[in-house]
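Participant: Predicted model follows, preceded by the sequence.
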Amino acid sequence: MSAADPAPAEDFATAVLDWFERHGRHDLPWQHPATPYRVWISEVMLQQTQVSTVIPYFERFLARFPDVESLAAADRDDVLAHWAGLGYYARARNLHRCARMLVSQHNGEFPHALDDVAALPGIGRSTAGAILSLSRNAPHAILDGNVKRVLARYYAVPGWPGQTAVARRLWTLSEAVTPRRRARDFNQAMMDLGATVCNRQPQCQRCPLRSDCRGLAEGDPTVYPGRRPRRQKPLRQTTMLIIHGHGGILLERRPDTGIWAGLWSLPEATGDPETWAREQLGAGIQLLEESPATLRHEFTHFSLEIQPVRGRLMDETVVADNDRLWYDPLSDEAPGLPAPVHRLIHQKEPSE
DNA sequence: AAGGCGGGGTG
DNA sequence: CACCCAGCCTT
């Protein structure tokens, strides 16, 4: 067999599994114990998020919500507060909804059929396969970013995996190489291989698949998988009000759709801040001299320029309600705040 | 099929 | 600055 011919599926799995025994990651927090609940939480946190970022969030989340019952019983604000800073907040809302569905409809346990798991909110085909294989050794394939990278390079699959046809090819390949009897170790091994060897700067000399890798045989495996078509991102601007009163700072709950949905944030003024306060709060504000500097926040699909304006509430008639609260950063437990808002609020306050 | 949805790490 | 990361959901 020549150098760049793909090995039979059994040889592929054997090479990956042998490598895993010695070089895989065996001490990630969600691996001990790898219960369906812990694997599920970790897999959702790991969607589009790197392991090193997830670990401290996972520890805090599990300490507060140790099982599906405690998560189902929690308030949504509490769940979001433990997710704040991780991003993609629909994940937290879906996680909460899913916990309630598991408790009310599935006796607090995940179904055994792949399609039933993939039908739950926030769980797609790959996450469903990961939950069932990593926690129960069920024979399901996965296709996360690591597996896509390894397979696209090994089989020299051209094109961007965001394209349906490319994704379908990769799924077929993943199904073909996943062994029936050791799907748990194999899936973990593929993710470890993708994260530690077959990554941005691949270390092919350490790869168990190097002798049969088409991408390497072609000369440059990093041309696979194909890149996402690039688009230029627009600049948006906003004014955020830091209004002091009632011993704290005024926060508003963001709407259920759009960016930072469901989180608490600073009020955004359209137009003149004092006019905004009179119309929206029914109270005057006095603008203060010391406003923080303008800050810029980068999203994947746009840039946001935030102009902070500090003010003081002139009368104490504005009360908290379901969508409005007064937050004292020094003594209150932090609610779910977007990362740039958290940074803004927890800067040093002027002593006045 | 395409776009929305965060934030941090890295080059 | 750009791109990437244990994706999913809506339109």
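Facilitator: Good, I have the coordinates.

Participant: Contacts only, for the closest residue to residue A:246 other than its chain neighbours.
Facilitator: In space, residue A:246 comes closest to residue A:326 once its chain neighbours are excluded; the distance is 4.1 Å by C-beta to C-beta, 6 or more residues apart in numbering. C-beta here means a position set from N, CA and C on the backbone, and glycine is covered the same way. Counting by C-beta atoms under 8 Å, 6 or more residues apart in numbering, residue A:326 touches A:245-251, A:320.

Participant: Enumerate the positions of the helix or strand where residue A:326 lies that are buried.
Facilitator: Using DSSP states H and E, residue A:326 sits within strand A:324-327. By neighbour count with 16 or more other C-beta atoms under 10 Å, strand A:324-327 contains the buried residues A:325-327.

Participant: just stretch A:335-352 next, same as before
Facilitator: Applying 16+ other C-beta under 10 Å to stretch A:335-352 flags A:335-338, A:340-342, A:344-345 as buried.

Participant: That stretch close to DNA strand B?
Facilitator: Yes: counting by C-beta under 7 Å from any atom of the strand, DNA strand B is contacted by stretch A:335-352 at A:338-340.

Participant: Next one: the residue in chain A positioned nearest to DNA strand C from residue A:41, what distance?
Facilitator: Nearest residue of chain A to DNA strand C: residue A:124, at 2.6 Å (C-beta to the nearest atom of the strand). Applying C-beta to C-beta, to the nearest Å, the value for residue A:124 to residue A:41 is 16 Å.

Participant: Which one's more surrounded, those two?
Facilitator: Each of residue A:124 and residue A:41 has its neighbours counted (other C-beta atoms under 10 Å); residue A:41 has more, 23 against 13.

Participant: and the more buried one, what is it in contact with?
Facilitator: A:30, A:58, A:61-62, A:95.

Participant: if you look at the strand or helix carrying it, does any of it touch DNA strand B?
Facilitator: Using DSSP H and E, residue A:41 falls within helix A:36-45. No: using C-beta under 7 Å from any atom of the strand, helix A:36-45 stays clear of DNA strand B, coming no nearer than 8.8 Å.

Participant: Repeat that for stretch A:157-166.
Facilitator: Yes: for stretch A:157-166, a contact with DNA strand B is found by C-beta under 7 Å from any atom of the strand, at A:163-165.

Participant: What of stretch A:55-66?
Facilitator: No: using C-beta under 7 Å from any atom of the strand, stretch A:55-66 stays clear of DNA strand B, coming no nearer than 10.3 Å.

Participant: the domain parsing of chain A - what is it?
Facilitator: A:9-223, A:235-345 (automatic domain parsing).

Participant: and those domains as a markdown table, adding mean pLDDT?
Facilitator: As requested, these are exported to a markdown table (pLDDT from 0 to 100):
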| stretch | mean pLDDT |
| --- | --- |
| domain A:9-223 | 97 |
| domain A:235-345 | 92 |
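
Participant: For residue A:229, find the nearest of these.
Facilitator: Among the domains of chain A, the nearest to residue A:229 by C-beta to C-beta is domain A:9-223 (6.9 Å).

Participant: Show me where the stretch 151-300 of chain A has its strands.
Facilitator: For the stretch 151-300 of chain A, the strands defined by DSSP state E, counting those that start in this stretch occupy A:235-245, A:248-253, A:264-265, A:268-269, A:285-287, A:295-298.

Participant: nearest to residue A:196, of the ones you listed?
Facilitator: Across the strands of the stretch 151-300 of chain A, residue A:196 has its closest neighbour in strand A:295-298 (27.5 Å, C-beta to C-beta).

Participant: Tell me how many other residues surround the residue of the stretch 151-300 of chain A found nearest DNA strand B.
Facilitator: Of all residues in the stretch 151-300 of chain A, residue A:164 sits closest to DNA strand B, at 2.8 Å by C-beta to the nearest atom of the strand. Counted with other C-beta under 10 Å, residues neighbouring residue A:164 total 8.

Participant: next one: residue A:247
Facilitator: Residue A:247 is flanked by 12 other residues according to other C-beta under 10 Å.

Participant: my read: it touches residue A:329, true?
Facilitator: No: in this structure residue A:247 lies outside contact range of residue A:329 using C-beta atoms under 8 Å: 11.0 Å.

Participant: ok so, going back, quick check: the gap between the residue of chain A closest to DNA strand C and residue A:57.
Facilitator: 20 Å.

Participant: so who does residue A:345 touch?
Facilitator: A:242, A:249, A:266, A:327, A:329, A:337.
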